[in-house]
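Engineer: For reference, the sequence and a predicted model appear below.
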Amino acid sequence: MTTGVARHAKLRLQILMRTPSSSQVLFVSLCLSGLALLTACGGGSYGGGGNNNNPPPVTATLAQNAAKHNLKVGAAADSQFLVSDSTYGSVLGSEFNELTAENEMKFQSVAPNSPTESYTGADALVSFAQTHQMAVRGHTLVWHSQVPSWVTPTDTTTQLNTILQNHINSEMTHFAGKVYAWDVVNEAFNDDGSGSTPATVRSTIWYDNPGIGFAGQGTAYIEQAMFWAHAADPTAKLFYNDYNIETQNPKSDAVYLMAQDFTNRGVPLNGIGFQFHVDLSFDNPNVLASVTSNFQRFAALGLEIHITELDIRLSDSSAASFAAQAKLYGELAAICLQQPKCTTFQTWGFTDKYSWIPGFFTGMGWALPWDANYQKKPAYTSLLTAFQ
């Protein structure tokens, strides 16, 4: 097809050939040379369009880039939004290669009224993941929060022991072969300790109120949960998951001592989940260096490292805040990529539309790589670049 530029050149050539001068001959030569270059480069319009037969370049996704490093990049998800919001499912299924249930695998969700468990929402997430070739991470089996109301401190230790073992066995058996890793125990340590004194074990219905039979024995009840989980699904990877353990501090020291003890004695534990609910104050060279060294000491035990619940909350939606957020997302991705045992990089949700942050941190929000209208924020680009 003759393009607008070609027609223009031909017209100028016809006019000049009637009364050529030396300068006009030179002009014709330049015009023809320019036309030849334009054609060779696939030009054909003033707008810079190329050959209509050439398809547009394919834009890489987070999952595609992360896969180059054998890294799973995931997000916490909720099955109700797969039904009510088509864009939610479209982004989740195309950008990630892993998902976890934000709430629908927790004890209260699967057994709200009686010991009989139902997995409708969780099954929907697993089905979605299988359709989109995504791995599924289980969250969570033992936690002090979101315990069903029919489980009470008036239950005896023997009753609680049976209740918890049955729950772990029921849910892990149901999802055996479908969920590759589980946060078996979640947030079992207090935010205390100081200096070289590690944090203490949190008082919960499962530990000592009245507990499942290991009150006053520190991490023994966590150990028991790990053995139950391994018996329920021997192929699943088993994790301990917590917040405020990202750097070296008394809380992460307590988790490290437990992990060291478990690995030395053969207690089934495959890795540690580091939640990373942080704000911009986390972007400090000393803090980031502490994350790197903390990851290394757990890796030296032979444990996998999963970033499980990352979000970076902001106090405003200014361009400067988005840029600072993007920088920190990229830095954390780089730390993970530099550590061979860091095998999962997961955000707690992916769009600000459904983020938990505004409901828990007054005046804060804008924590995730997509905004509430599913527009990619600078944080998304920073992650995409880091995973290249």
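Structural biologist: Alright, I've got the coordinates.
Engineer: residues near the closest residue to H174 other than its chain neighbours, how many?
Structural biologist: Among residues not flanking H174 along the chain, Y119 sits closest, at 5.8 Å (CB to CB, 6 or more residues apart in numbering). Heads up, the C-betas are built off the backbone N, CA and C, glycines and all. Residues within reach of Y119, counting by other CB atoms under 10 Å, total 19.
Engineer: what's near enough to touch Y119?
Structural biologist: Counting by CB atoms under 8 Å, 6 or more residues apart in numbering, Y119 makes contact with E104, M105, V110, E171, H174, F175.
Engineer: now swap in E331 and tell me
Structural biologist: E331 neighbours (CB under 8 Å, 6+ apart): D283, L288.
Engineer: That one and A320: what is the separation?
Structural biologist: 17 Å (CB to CB, to the nearest Å).
Engineer: Centre-most residue in the chain?
Structural biologist: Residue closest to the mean C-alpha point of the chain, counted by CA atoms, centre = their mean, is Q346 at 1.4 Å.
Engineer: Which strand residues bridge it?
Structural biologist: For Q346, the beta-bridge assignment (DSSP bridges) gives partners G74.
Engineer: returning to what we had before: next step: the contacts of Y119 restricted to helices.
Structural biologist: V110, E171, H174 (DSSP state H).
Engineer: Please list all residues in contact with the first one.
Structural biologist: Residues counted as contacts of V110 (CB under 8 Å, 6+ apart) are E104, E117, S118, Y119, A122, E171.
Engineer: can you rerun that using 6 Å?
Structural biologist: E117, Y119 (CB atoms under 6 Å, 6 or more residues apart in numbering).
Engineer: residue boundaries of the helices in the stretch 251-388 of the chain?
Structural biologist: 285-299, 319-338, 357-360, 378-386 (DSSP state H, counting those that start in this stretch).
Engineer: The stretch 51-200 of the chain too?
Structural biologist: Going by DSSP H, counting those that start in this stretch, the stretch 51-200 of the chain shows helices at 62-67, 79-84, 86-95, 107-110, 120-131, 157-174.
Engineer: Please name whichever of those helices is nearest to P285.
Structural biologist: Closest approach to P285 among the helices of the stretch 51-200 of the chain is made by helix 62-67 (25.3 Å; CB to CB).
Engineer: list the buried ones in that closest one?
Structural biologist: L62, A63, Q64, N65, A66 (16 or more other CB atoms under 10 Å).
Engineer: quick one: which of those is nearest A372?
Structural biologist: Nearest member of the buried residues of helix 62-67 to A372, counting by CB to CB, is L62, at 18.9 Å.
Engineer: what ranges do the strands span in this protein?
Structural biologist: 72-77, 98-101, 135-143, 181-186, 237-242, 271-274, 277-279, 304-313, 342-347 (DSSP state E).
Engineer: I'd like the ones you listed as TSV, with mean pLDDT and distance to V126 appended.
Structural biologist: Shown next, in TSV, are the strands of the chain (pLDDT from 0 to 100; distance: least, CB to CB, whole Å):
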stretch	mean pLDDT	distance to V126
strand 72-77	98	11
strand 98-101	98	9
strand 135-143	98	6
strand 181-186	99	13
strand 237-242	99	16
strand 271-274	99	19
strand 277-279	98	25
strand 304-313	99	18
strand 342-347	98	16
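Engineer: Reformat those strands as a markdown table; add distance to P153.
Structural biologist: Below are the strands of the chain laid out as a markdown table (distance: least, CB to CB, whole Å):
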| stretch | distance to P153 |
| --- | --- |
| strand 72-77 | 29 |
| strand 98-101 | 27 |
| strand 135-143 | 16 |
| strand 181-186 | 19 |
| strand 237-242 | 23 |
| strand 271-274 | 27 |
| strand 277-279 | 28 |
| strand 304-313 | 28 |
| strand 342-347 | 33 |
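Engineer: of the ones you listed, which approaches V291 most closely?
Structural biologist: strand 271-274 (8.3 Å).
Engineer: how is this structure carved up into domains?
Structural biologist: Using automatic domain parsing, the domain parsing of the chain gives 1-57, 62-386.
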